[in-house]
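Asks: Model the following, please.
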Amino acid sequence: MSLNIAHINLAKGLRGGENQTLAIIEGVNAFDINQVLICRKNSLLEKQAQKLNIPTIGIRKPFLLSVSKLKSFDLIHVHEGRSIYLALAAHLLFNKPYLVTRRILNKPREKWLTKFAYYRAELIVSISHNIFDVMREFVSKQSCQVIPDIARFLTANPLELDNLKNKFSGKFIIGHVGALDNAVKNQLLILKTAEQLRDYEDIIFILLGNGKDEYFLKQFVSDSNLTNVIFEGFKENIADYYALFDIFIYPSKEEGLGSAILEAFNFKCPVIAANVGGIPDILGDDAYGLLINPNSEYELTHAIMKLYDEKLLREHYAQAGFERRADFSAAEICAKYDNIYKSML
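Replies: Predicted structure coming up:
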């Protein structure tokens with residue numbers, strides 16, 4: 001008999017956690033499980049899920065009024081913080097078990113309802129060991145486990161990639177992908193590094209994404225008269241850019257895991273990333289990429305120039321990262337979730 005699972009993600013946007021929600025659903029489809037995504041009506045997540053032919057139920061605020069929609073499911077998988085209260089309501093009203101995948105480093109709010117909601121979960125899955133430590137402290141007696149994010153398998157469009165290569169012909173491209181949110185993604189450090197390297201005519205920095213700090217970051221570029229920085233905005237053909245980059249940089253100030261690094265690995269793109277959060281879970285001790293202090297403009301500049309100058313080192317990290325992907329494959333990660341789902345029942 002097939003399991004019926006409701007995945008809940010009530011985020012407004014379509015960021016890393018939402019893409020991981022979709023990746024898990026797609027991966028678990030290989031098992032004998034029926035799945036539905038509960039999400040905000042008309043959200044970017046709902047639209048993307050429908051493109052992928054993932055069944056959805058769109059709901060509107062107040063979300064708790066939609067709790068009856070969960071009555072027919074065997075269990076519930078919560079993918080972001082706001083969703084846990086809907087799962088708790090289904091648990092209390094219909095005795096539905098639920099698990100939570102926690103993707104952010106900060107501790108949940110110290111409110112009795114929040115703590116109660118996490119205590120009533122069957123399991124808390126953390127995507128990195130740092131998050132595991134945070135959640136173990138928050139709910140010390142709760143069952144916790146580490147399961148990392150999935151390395152999404154993206155493919156570039158050869159025609160689009162050729163167009164990009166022609167557009168940026170002769171350039172050494174340092175790329176970054178992420179929401180323009182400097183408090184988290186630390187793009188100002190990238191721009192200050194670009195300032196240090198402005199005399200290298202072949203080096204350019206390409207940033208993909210949009211967000212609340214877009215005006216501030218573009219104003220810095222304008223005020224500093226930087227001609228080596230290009231904002232490409234939000235792009236659906238993100239794979240074409242990963243395939244274009246010579247180096248991928250990810251100097252976040254905080255990061256649950258850093259799934260964009262796994263995406264870069266897929267295209268044999270050497271990585272420089274901050275030694276924070278779950279990123280060392282991926283890169284090890286400089287085994288699969290270079291780790292830097294996110295507060296050090298010098299370290300980022302030095303790491304870029306090290307890879308720029310040493311082609312063999314770039315090739316080494318490109319291959320090491322590509323092979324590292326296997327530890328984060330959809331088949332391996334989703335098999336773990338399949339075992340959890342069946343053990344919960």
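Asks: Tell me what the residue lying closest to residue 29 once chain neighbours are set aside is bridged to.
Replies: By the measure of C-beta to C-beta, 6 or more residues apart in numbering, the closest residue to residue 29 outside its immediate chain neighbours is residue 35, 7.0 Å from it. All C-beta atoms are positioned from the backbone trio N, CA, C, and that covers glycine. For residue 35, the beta-bridge partners under DSSP bridges are residue 5.
Asks: pretty sure residue 35 contacts residue 5?
Replies: Yes - between residue 35 and residue 5 there is a contact under C-beta atoms under 8 Å: 5.0 Å.
Asks: what sits in contact with each of the two?
Replies: Residues touching both residue 35 and residue 5 by C-beta atoms under 8 Å, 6 or more residues apart in numbering: residue 28.
Asks: quick one on the thing from earlier: could you check how far the residue nearest to residue 29 is from residue 66?
Replies: 17 Å (C-beta to C-beta, to the nearest Å).
Asks: The two: who's more crowded?
Replies: Between residue 35 and residue 66, counting by other C-beta atoms under 10 Å, residue 35 is the more crowded of the two (21 against 18).
Asks: Contact partners for the more buried one?
Replies: 4-7, 25, 28-29, 54-55.
Asks: okay if I get those residues as JSON lines plus pLDDT, distance to residue 290 and neighbour count?
Replies: Formatted as JSON lines, the contacts of residue 35 follow (pLDDT from 0 to 100; distance: C-beta to C-beta, whole Å; neighbours: other C-beta atoms under 10 Å):
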{"residue": "4", "pLDDT": "96", "distance to residue 290": "45", "neighbour count": "13"}
{"residue": "5", "pLDDT": "98", "distance to residue 290": "39", "neighbour count": "21"}
{"residue": "6", "pLDDT": "98", "distance to residue 290": "41", "neighbour count": "26"}
{"residue": "7", "pLDDT": "98", "distance to residue 290": "35", "neighbour count": "24"}
{"residue": "25", "pLDDT": "97", "distance to residue 290": "33", "neighbour count": "24"}
{"residue": "28", "pLDDT": "95", "distance to residue 290": "34", "neighbour count": "22"}
{"residue": "29", "pLDDT": "93", "distance to residue 290": "36", "neighbour count": "15"}
{"residue": "54", "pLDDT": "97", "distance to residue 290": "36", "neighbour count": "20"}
{"residue": "55", "pLDDT": "97", "distance to residue 290": "42", "neighbour count": "11"}
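Asks: Adding distance to residue 327, write those residues out as a markdown table.
Replies: What follows is these, written out as a markdown table (distance: C-beta to C-beta, whole Å):
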| residue | distance to residue 327 |
| --- | --- |
| 4 | 30 |
| 5 | 25 |
| 6 | 29 |
| 7 | 23 |
| 25 | 21 |
| 28 | 19 |
| 29 | 21 |
| 54 | 25 |
| 55 | 30 |
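Asks: Which of those sits closest to residue 85?
Replies: Residue 85 has its nearest neighbour among the contacts of residue 35 in residue 6, at 14.3 Å by C-beta to C-beta.
Asks: for the stretch 201-345 of the chain, what spans make up the strands?
Replies: Along the stretch 201-345 of the chain, the stretches classed as strands by DSSP state E, counting those that start in this stretch are 203-208, 229-233, 247-250, 271-274, 290-292.
Asks: And for the first one, what's in contact with it?
Replies: In this case it means strand 203-208. So strand 203-208 is in contact with 168, 171-178, 180, 187, 190-191, 193-194, 197, 217, 228-235, 238, 241, 244-245, 308, going by C-beta under 8 Å, 6+ apart.
Asks: Of those, which count as buried by neighbour count?
Replies: The neighbour count (16 or more other C-beta atoms under 10 Å) marks 171-178, 180, 187, 190-191, 193-194, 197, 217, 228-231, 238, 241, 244-245, 308 as buried among the contacts of strand 203-208.
Asks: Confirm that residue 176 sits in a strand.
Replies: Yes - remark: residue 176 belongs to a strand, assigned using DSSP: H, G, I helix; E, B strand; the rest coil.
Asks: what is it paired to in the beta sheet?
Replies: Beta-bridge pairing for residue 176 (DSSP bridges): residue 207.
Asks: gap between residue 311 and residue 121?
Replies: Separation of residue 311 from residue 121 (C-beta to C-beta): 49 Å.
Asks: Look at these two and report which has more neighbours.
Replies: Neighbour count, other C-beta under 10 Å: between residue 311 and residue 121, residue 121 has more, with 23 against 9.
Asks: Assign a three-state SS to that one, would you?
Replies: coil.
Asks: Spatially nearest residue to residue 330, not counting backbone neighbours?
Replies: Excluding its sequence neighbours, the residue lying closest to residue 330 (C-beta to C-beta, 6+ apart) is residue 27, at 3.9 Å.
Asks: from what I can see the one you found touches residue 336, true?
Replies: No - applying C-beta under 8 Å as the test, residue 27 and residue 336 come out as separate, 10.2 Å apart.
Asks: Please say which of the two ends up with more neighbours.
Replies: Shown here are residue 27 and residue 336; by other C-beta under 10 Å, residue 27 has more neighbours (20 against 14).
Asks: if I pick that one, what's in contact with it?
Replies: Contact analysis of residue 27 by C-beta under 8 Å, 6+ apart lists 150, 330-331, 333-334, 337.
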